[in-house]
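Colleague: what shape does this take:
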Amino acid sequence: MDLKKQLDNLPDASGVYLMKNKAGEVIYVGKAKSLRKRVRSYFQKSRNHSFKTEALVKRIADIDYIITDSEVEALILEATMIKKHNPKFNIRLKDDKTYPYIKVTTNEDYPRVFKTRIVKKDGDRYFGPYTDVNAVHKTLKLLRDLFPLRDCKKNISCKEKKDRACLNYHIEKCLGPCVNSVDVDEYKSMVDEVCLFLKGKQQNLIEELKEEMEQAADRQEFEQAAELRDQIEAIKKVTENQKVVSSDFADQDVMATSHQDDLACVQVMAVRNGRLVGEEDFIMEGTTPEAIDETLTAFLKQYYMNINYIPKEILLEIEIEDKEIMEDWLNEKRGSRVYLKTPQHGAKRQLINMAQRNAKYNLKDYLIKSDYKSRKPLKAVKELQTYLDLEEPPVRIEGFDISNIQGTDPVASLVVFENGTAQKGDYRRFKIKTVEGPDDFGMMQEVVKRRYSRLLEEDIKLPDLILIDGGKGQLNAVLEVLDELGIDNQPVIGLAKKEEEIFVEGQSEPIILPRDSEALYLLQRVRDEAHRFAVNYHRKLRSRRVTHSMLDDIPGIGQKRRERLLQYFGSLDKVRKASVEELSEVKGISEQIATTVYNYLREHTRP
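Modeller: Okay, the predicted model is just below:
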């Protein structure tokens, strides 16, 4: 009845709707010109719904909606909500957060160019995304060879006092803005050239550089003219490798798909000035082979959300339903007309066919690689069963490690791997409670006893294999505890790091696995992960103890003032570096107390 009332009260306005299941999870996000008509259509039995839509409707328990002023606004909001909620029934760009971009910090007086995986609305320019990180590194290397821009992280302002020049300046790999050797306009002119290059406008860049070269020659600045000539030749070598695919020298993005089950590969070919300057492939989840237009529509929205440069033409293998709305949105982003075209004949159709062939190949390649990745951990588990002569495959492995320095702040970690994959939600960490001093054996016994006595009490199945970081001594200590708990026939091994020797119960000689075996790699991953998890926890506790003890010793500093200082500055190190004036800005810290803190920390801190 609640759902029926919601459907009856839907407004006849454009907006975005969010469908939720009984658990309150968003399972589908959609946009509509009329929320009332669009959402109610899902529940009309007379309509011929797809299997996917029928499965969605069965799971809908609640519907939220957001009214927008236009369809274009709804389209943008829909893409944002899909990215935020990652709904099960939407077509989603797989792992889009991991794709690298090239960032140009145009907001700085002297911009930098570097790789990033985080795209912000900060006014800087982003080029990408790139699915091949090696392509990013190669592009950056080429840019640094062609354009001597700075790559340091210094905050260099044209108004600030200049710093000393670094090695890059002396070997002519940087123009040296830090030593006033280049003015802002000249530097930014070079940044504009970099952006032209990244947009694929190499021919435009060559024309600009030729003009600069001729002007330098007219001024008899022959050294600069020669440098520009060499730069032009280097860029020409890049363009020579780019295939001419369009006789009208247009800027185009060409898109086509290949489907298999609920996956699709979208191939994007970037054509700039008629030359094919780059190709990328993207995997989409939640697709159906029958709905290519839905796949392309979903991809266009999610892809161009973070793309700065949009070409005048986007060639698609089929026409999409939301063509006009999509064009309106892209027009706004570009600032001029963008055309979504579906060529049926000629050179442009040949580009579509080329993209389709590449999409088919890249999807096949992705499926082979993902299948290999999924089978690899299982292979390691089966190998381990054979090498260790276990009755059952070690599907669930629990690994332990101890971390302490001479018995201080001792902690232990427990990590869990299932089917060769880390299960981070099952990780546990322990403070050592009963053992004093540097006694690793006793600490390991305490932790193992606490872990498995609890599993026994709660009647939870024990792991298929327990891995201890250490040799015979650690193994025997753990076996003693398990015997005390009445746990028999529990596979336990100790992995000694030096020679990667595996010690097992009842065998005096260790087992040595082949160095290239997947089984050994799996054990090493478990051991190293347990070590990492334990060390991080130990550092956190030790840092907290040192910080608190030092501030607690200062006269006039209690718990509240200590917490305010740490919250305001973020760390003890920053409190140490603060001046009396900065310390007195903290609430509850008078100038007198600030002076006391300042003097105490300098007296008790090593220079």
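Colleague: drop to CA atoms for contacts and neighbour counts, all remaining ones
Modeller: OK.
Colleague: any idea which helix or strand carries residue 207?
Modeller: Using DSSP states H and E, the secondary-structure element containing residue 207 is helix 202-218.
Colleague: which residues touch that helix?
Modeller: Counting by C-alpha atoms under 8 Å, 6 or more residues apart in numbering, the neighbours of helix 202-218 from elsewhere in the structure are 193, 196-197, 222, 224-226, 228-229, 232, 235-236, 239, 273.
Colleague: got the confidence number for residue 393?
Modeller: We note a pLDDT of 91 for residue 393 in this prediction.
Colleague: alpha carbons only: can I get the helix holding residue 207 in CSV?
Modeller: What follows is the C-alpha trace of helix 202-218 in CSV, where atoms were taken according to Å, rounded to 0.1, in the frame of the first residue of the first chain:
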residue,chain,number,x,y,z
GLN,A,202,49.9,18.6,-32.6
GLN,A,203,49.5,20.2,-36.0
ASN,A,204,48.3,23.4,-34.5
LEU,A,205,51.2,23.3,-32.1
ILE,A,206,53.7,22.8,-34.9
GLU,A,207,52.2,25.8,-36.7
GLU,A,208,52.6,28.0,-33.6
LEU,A,209,56.2,26.8,-33.0
LYS,A,210,57.1,27.5,-36.6
GLU,A,211,55.9,31.1,-36.2
GLU,A,212,57.9,31.5,-33.0
MET,A,213,60.9,30.0,-34.7
GLU,A,214,60.7,32.4,-37.7
GLN,A,215,60.3,35.4,-35.3
ALA,A,216,63.3,34.3,-33.3
ALA,A,217,65.3,34.0,-36.5
ASP,A,218,64.2,37.5,-37.6
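Colleague: okay, buried residues for it please.
Modeller: Within helix 202-218, the residues that qualify as buried are 202, 203, 205, 206, 209, 210, 212, 213, 214, 216, counting by 16 or more other C-alpha atoms under 10 Å.
Colleague: ok, the last one to residue 225 distance?
Modeller: Computed with C-alpha to C-alpha, to the nearest Å, the distance linking residue 216 and residue 225 is 5 Å.
Colleague: for the fifth one, same thing?
Modeller: Here residue 209 is placed at a distance of 9 Å from residue 225 (C-alpha to C-alpha).
Colleague: same deal with the fourth one?
Modeller: As judged by C-alpha to C-alpha, residue 206 and residue 225 stand 13 Å apart.
Colleague: same question for the first one.
Modeller: Distance from residue 202 to residue 225, counting by C-alpha to C-alpha: 19 Å.
Colleague: picking that back up, could you flag which of the contacts of helix 202-218 are buried?
Modeller: In terms of neighbour count (16+ other C-alpha under 10 Å), the buried residues within those are 193, 196, 197, 225, 228, 229, 232, 235, 239, 273.
Colleague: tell me the one of these nearest residue 68?
Modeller: Looking at the buried ones among the contacts of helix 202-218 and their distance to residue 68, the nearest is residue 196, at 36.2 Å (C-alpha to C-alpha).
Colleague: low-confidence ranges, the stretch 201-350 of the chain, go.
Modeller: The stretch 201-350 of the chain contains residues with pLDDT under 70 at 234-235, 237-249.
Colleague: can you do 80?
Modeller: Of all residues in the stretch 201-350 of the chain, those with pLDDT under 80 make up the ranges 201-206, 208-209, 223-224, 227-228, 230-250, 273-275, 277-278, 306-309.
Colleague: hey, where'd the strands end up in the stretch 101-250 of the chain?
Modeller: Along the stretch 101-250 of the chain, the segments classed as strands by DSSP state E, counting those that start in this stretch run 101-104, 113-116, 125-127.
Colleague: these: which one's closest to residue 8?
Modeller: Of all the strands of the stretch 101-250 of the chain, the one in closest proximity to residue 8, counting by C-alpha to C-alpha, is strand 125-127 (44.8 Å).
Colleague: centre of the chain to that closest one, how far?
Modeller: Using C-alpha atoms, centre = their mean, to the nearest Å, the mean C-alpha position of strand 125-127 is found 17 Å from that of the whole chain.
Colleague: mind checking what helix or strand follows the lowest-mean-pLDDT helix or strand in the chain in sequence?
Modeller: Least confident helix or strand of the chain, by mean pLDDT, DSSP states H and E, is helix 222-240 with a mean of 73. Sequence-wise, the next helix or strand downstream of helix 222-240 (DSSP H and E) is strand 252-260.
Colleague: ok so, going back, quick check: the two most widely separated of the contacts of helix 202-218?
Modeller: 222 and 273 (30.7 Å).
Colleague: now residue 81. Nearest residue, chain neighbours left out?
Modeller: Taking C-alpha to C-alpha, 6 or more residues apart in numbering as the measure, residue 81 lies nearest to residue 29, with 6.9 Å between them; neighbours along the chain are not counted.
Colleague: does that neighbour count as helix, strand or coil?
Modeller: In three-state terms, and counting by DSSP: H, G, I helix; E, B strand; the rest coil, residue 29 is strand.
Colleague: does it touch residue 88 like I think?
Modeller: No: in terms of C-alpha atoms under 8 Å, residue 29 does not count as a neighbour of residue 88; the distance is 9.6 Å.
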